[in-house]
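S.K.: Kindly return the folded structure for what I paste below:
(one chain, ligands or ions: 1)
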Amino acid sequence: MAAPPAPHPCQEYDLGKFEILARDGASRIGRLHTKHGPLNTPMLLPVINPNIRTIEPKEMWEKFGIGGIITNSYIIWKHDKLKNLILEKGVHEVLDFPGVIVTDSGTFQSYVYGDVEVGVSEIVQFQKDIGVDIGTMLDIFGRPDMSRSQLEYAVEETANRATESLKVAGNNLLLNGPIQGGLHEDLRALSGSLMSSIEGEHRNFAIHPIGGIVPLMENQRYKELFQILLSSKSEIPANRPIHFFGCGHPLLFPLSIALGVDIFDSAAYVLFARDDRLLSPTGTIKLQDINEWPISSNALFSTTPEEVKNMDKNERTSLLSRHNLEITQAELSRCRAAIRDGKIWQLAEQRSHCSPQLRTAFLWVLDQLNEAGEGPVGESILDIISSTNPVRKGGESLSHDIELRPHILHLQALLATRWKSPGSWWDGSTSDPKRLVIIEKKAPPWRISSLQSIISYLIEEPNTIPLIVTPLGIIPFSLEDLSPWCHLDGSNEMWNISYDEDEIFEFLVDLGLEEIPYIMVPPESDYDDDTPNNEQIMDWLDRCAIVDKLALLCSISPSNGCKFTEGMSSRRSNTNRMVNVYADGKHILSPRLSDGGISLTLEGAKILAKMFPEVPNFEKEAKDLEYSGIPKICIIDDAIPFVGIGRNVMHGYISGADEHIIPGQPCLVVDSLGNLVAHGTALTTSTEMRVLKKGIAVKIRGGALKIS
Ligand code: GUN
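M.R.: Below is the predicted model:
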């Protein structure tokens, strides 16, 4: 295999910028720009002891795909010979590593050995002098067992040292600003807020590591670990990657990443190897306990456990370290693939079954998702849910914990808040609904399995709301092809679900339908499978589907949705699904067959821009409305000629963005007067659009400016 090419230094103006390339809620595939190339996240910085290089950094770069390493500037500073050599030649040459070099500051040594002798400015200056890409200020390690007042001191003193550290770092050395605060949620949030708001003379902190967590990981106190992460994160802006200081066991990667960690660092690959332990994504394996490899890797491929046990100590450590690093890298790439596929929570859930402590932590996270209480943890949880695209293509396996996955909670919340019963019926009447017809024990696609009975019931009583029972609750028939409700994978039995009266009542309360009488329709009582299609009813059902999806996914009120779809007609596919929707002869949108969402057309976007003339502005407070209308992004004048002809909206060119933007869903792009510039799919949230300065904010589907 050819060695990867030398990294390209970033452009001067991009130094320290973080961009989001893909995301699933809080988990993100990102890129931090440095002088030694991009740090592609989520990623692991293997810890290098400059005196004992079990795997040469160059080999990590060439054979393991390692883009960045971390070493300790204090250890270098303490050893005169090494210090002078590195001062003379630079850290990249001495470590022989072409990628990103991160250094720590000696704080961890102060935790292990007591005080360190180096000064706050001195250690930052040293990191700068040896040519490090990302250094770390000398923070105060807050142990979990410290008293509250000691932890308050750790938070305050770390923040007090920040301004001086940033000043010394200057313009070229990116700096880590660690978050302390022990187990106290409020102190973690305070530390996050202090450290992220400190404005440096040259630049601000580039990354926020979560510090003081090693003792928790050593004792497998994972619940507290994630509690700390969520409380710290509540105050950290989205343009600063989050580093989990000292975390490197692959078992912890999926859940950490699902909750927003971007960078890991650890010496686990070599420490475990020295102790004859193999890392695996599902836990740790002791070499002495095995006769066959329970996990495969290039490193182990041509050996047997017996042979490895008989190797001399150094050779064995070297081999097991390579295995451990390989497995670590493989799990990270699995996580990145899962983010792209919208499956990071599925992976986190699978891994949670591998350790009782991790399972406890995962269930605690699910409890938080279920309750979304107050305080910093609750805030982060709400952020996770609202930044998650509720719909996604592809099947999703039904599992015990599926209901509390953020995308499902988001969709259920949108259903509960934005869905309303129809205001008019297929026969033209406009009275209140008279009954609910709930189809149960039918498998999707419900437009095939249940359509005939629904038509029969609608003929019998036009003021009927058809609903269907799914394993994830009762939903309006109008949303029958919206994933994930219709894309669940599992045994056929799962569609046989039936809820008891109390459960049905709860679901109906969520929909605001609990006062309307209902009838349940079991499969055997389909009373008229031969009912001929009724054009008028079909048109009404189609219109309900579009109006309801516009409400849920675009925050367009049903009455505005009805105006937008006035005179609606559609073109259907061979399989009889709506593919193009027209209003008064104009093609306004297309339902997406892959996930049940909708894609606007330029014609549709133009009508909506007129319908919702308000221009978003970061300086203005958002109004709290039930339906805020199609989400909009206002761009600055410089960007209009590009976006207007179909180029994507880039971060840094945005002057306002509606708070109700949902990543993955349609939005309009307007100028400061509210004129339509383009329409597309938002990739980030409004809070992210406010702070990010690089990367795509909106993927444009069509520009509104004519190309002359
Ligand atoms: N390495 C592991 N934990 C910490 C921490 O809290 N601070 C610093 N600077 N390094 C660490």
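S.K.: okay, CA-based contacts and neighbour counts for the rest of this
M.R.: Fine.
S.K.: Tell me which residues touch the closest residue to Pro250 other than its chain neighbours, please.
M.R.: Leaving aside its chain neighbours, Pro250 sits nearest to Pro281 (5.1 Å; criterion: CA to CA, 6 or more residues apart in numbering). Contacts for Pro281 (CA atoms under 8 Å, 6 or more residues apart in numbering) come out as His249, Pro250, Leu251, Ile327, Thr328, Glu331, Arg351.
S.K.: which parts of the stretch 101-250 of the chain sit against the ligand?
M.R.: Within reach of the ligand by CA under 6 Å from any ligand atom, the stretch 101-250 of the chain has these residues: Asp104, Ser105, Thr107, Phe108, Asp139, Phe141, Gly211, Gly212, Val214, Phe245, Gly246.
S.K.: separation between the first one and Gly119?
M.R.: Looking back up the chat, that one is Asp104. From Asp104 over to Gly119 the distance is 14 Å, taken as CA to CA, to the nearest Å.
S.K.: Same drill for the two, tell me which one is more crowded.
M.R.: Asp104 (25 against 10; other CA atoms under 10 Å).
S.K.: correct me, but the more buried one touches Ile69?
M.R.: No: applying CA atoms under 8 Å as the test, Asp104 and Ile69 come out as separate, 10.9 Å apart.
S.K.: what about Glu515, which SS state?
M.R.: Following DSSP: H, G, I helix; E, B strand; the rest coil, the label given to Glu515 is coil.
S.K.: Now do the same contact list for it.
M.R.: If a contact means CA under 8 Å, 6+ apart, then Glu515 has no contacts.
S.K.: now swap in His660 and tell me
M.R.: Contacts here follow CA under 8 Å, 6+ apart; on that basis His660 touches Ser628, Pro631, Ser686.
S.K.: dump the residue contacts of the first one.
M.R.: Put plainly, it is Ser628. Ser555, Ile556, His660.
S.K.: of those, closest to the ligand?
M.R.: The ligand lies nearest to His660 out of these, by CA to the nearest ligand atom, at 35.9 Å.
S.K.: Ala238 versus that closest one, what's the distance?
M.R.: Note on His660: its distance to Ala238, by CA to CA, is 17 Å.
S.K.: for Lys128, same thing?
M.R.: 26 Å.
S.K.: got it, and Lys442?
M.R.: 43 Å.
S.K.: Could you do Ser387 as well?
M.R.: Plainly put, Ser387 is 12 Å away from Ala238 if you go by CA to CA.
S.K.: who has more neighbours, these two?
M.R.: Between Ser387 and Ala238, counted using other CA under 10 Å, Ser387 has the larger neighbour count: 28 against 21.
S.K.: how about the helix or strand containing Val365: buried residues?
M.R.: Assigned by DSSP states H and E, Val365 falls within helix 356-371. In terms of neighbour count (16 or more other CA atoms under 10 Å), helix 356-371 has its buried residues at Gln357, Leu358, Arg359, Thr360, Ala361, Phe362, Leu363, Trp364, Val365, Leu366, Gln368, Leu369.
S.K.: Also stretch 664-680?
M.R.: Neighbour counts over stretch 664-680 (16+ other CA under 10 Å) mark 664-672, 674-680 as buried.
S.K.: and what of stretch 197-205?
M.R.: By 16+ other CA under 10 Å, the buried positions in stretch 197-205 come out as Ile198, Gly200, Arg203, Asn204, Phe205.
S.K.: Among those, which one sits closest to the ligand?
M.R.: Checking those one by one against the ligand (CA to the nearest ligand atom), the nearest turns out to be Phe205, at 13.6 Å.
S.K.: List the residues that contact that closest one.
M.R.: By CA under 8 Å, 6+ apart, the residues touching Phe205 are Leu166, Leu174, Leu175, Asn176, Gly177, Met195, Ser196, Arg240.
S.K.: Kindly recompute the last result at 7 Å.
M.R.: Phe205 sits next to Leu174, Leu175, Asn176, Gly177 when contact means CA atoms under 7 Å, 6 or more residues apart in numbering.
S.K.: and it, what pLDDT?
M.R.: The score at Phe205 is 98. That number is its pLDDT.
S.K.: One more: Asp529?
M.R.: Residue-level pLDDT assigned to Asp529 equals 58.
S.K.: The one 3 residues further on now?
M.R.: The pLDDT attached to Pro532 in the predicted structure is 67.
S.K.: Buried residues of the host helix or strand of Ala330, list them for me.
M.R.: Assessed by DSSP H and E, Ala330 sits inside helix 313-341. Residues of helix 313-341 classed as buried: 316-332, 334-336, 338-340 (neighbour count, 16+ other CA under 10 Å).
S.K.: same deal with stretch 455-464?
M.R.: Across stretch 455-464, burial judged by 16+ other CA under 10 Å covers Ile455, Ser456, Tyr457, Leu458, Ile459, Pro462, Asn463, Thr464.
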